[in-house]
Structures are given as C-alpha cells and as structure tokens.
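Colleague: When you get a sec, could you give me coordinates for this:
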Amino acid sequence: QVQLQESGPGLVKPSQTLSLACTVSGGSLTTNNYYWNWIRQPPGKGPEWMGDISYSGSTNYSPSLKSRTSISRDTSKNQFTLKLSSVTPEDTAVYYCVRGVGGSGYDYWGQGTQVIVSS
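Modeller: Have a look, this model is predicted:
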C-alpha cells in the first residue's frame, strides 16, 4: 500500500517561501511511469495542479505558477519537496501530494496539509 504524507509549516508570512515535503512509503520515486504531483485547493475553489516530478527526475509546472514553483526530490529519503516563492494570501490552500500514473490519472493522495499565508 502506497502512502504519502505531507509535512511543513502551516503558517507562512507574505513574501516568504512556502516549503513542503512529501514522504512516500510503500513505493519508490524512481519506479517507471509514476509522476509525483503537488495539487492544492484554495478555500471555496476547485483543485489546482501545481506541478510534478517524474520517475526520471524531470519536472513540469503549471504555467501560471512556473515562475514561483520548484519541485525537487531526495531519492535516499524517498521524499519530494515543493517550494513556492513570494507567497501571498491567495496561496492559502490545502496542499496535497499525489501519485500519478502515466496516462491513467492519480491513484494515491496524501491527507493534505493546510497552509495559511498571513502576517
């Protein structure tokens, strides 16, 4: 059974960088054909895909967030991380790490972590 667990601060000040980690158990970040995603859901809005890092380590980002987003991984810890710079209150959301299967959507989600951007 694959499990994903987000971790990081629940409160970030405006203009700072939001950093979250996702620790994966029961599966490897380097297994072929899997993509490791960050998806967020602001209050009262639908989910927004932010970006992913593939089994090979390549990354893709949402065009609207690309300039502020960085996704990386530490294969020794089986962990991937999200950094979102220059945050504003509009970045307040529940952030999820999610496993994607090439061409087949998402199959495992973390429980989500609430991040509030406020001074």
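Colleague: burial count for the residue nearest to residue 90 when sequence neighbours are not counted?
Modeller: Excluding the flanking residues, the one nearest residue 90 by CB to CB, 6 or more residues apart in numbering is residue 42, at 7.3 Å. Glycine gets a C-beta too; all of them are placed from N, C-alpha and C. Residue 42 has 14 neighbours, counted by other CB atoms under 10 Å.
Colleague: Check what pLDDT residue 42 gets.
Modeller: Residue 42 is assigned 97 on the pLDDT scale.
Colleague: repeat for residue 102
Modeller: 88.
Colleague: List the residues that contact it.
Modeller: 33, 34, 35 (CB atoms under 8 Å, 6 or more residues apart in numbering).
Colleague: mind listing the strands in this structure by residue range?
Modeller: Assigned by DSSP state E, the chain shows strands spanning 3-7, 11-12, 18-25, 34-41, 48-54, 59-61, 69-74, 79-84, 93-101, 105-109, 113-117.
Colleague: Centre-most residue in this structure?
Modeller: Nearest residue to the geometric centre of the chain (CA atoms, centre = their mean): residue 38, 2.6 Å.
Colleague: Confirm for me that it is in contact with residue 94.
Modeller: No - Residue 38 sits out of contact with residue 94 when judged by CB atoms under 8 Å, with a separation of 11.4 Å.
Colleague: Identify the contacts common to those two.
Modeller: What both residue 38 and residue 94 touch, as defined by CB under 8 Å, 6+ apart, is an empty set.
Colleague: tally of neighbours for residue 43?
Modeller: Residue 43: 9 neighbours (other CB under 10 Å).
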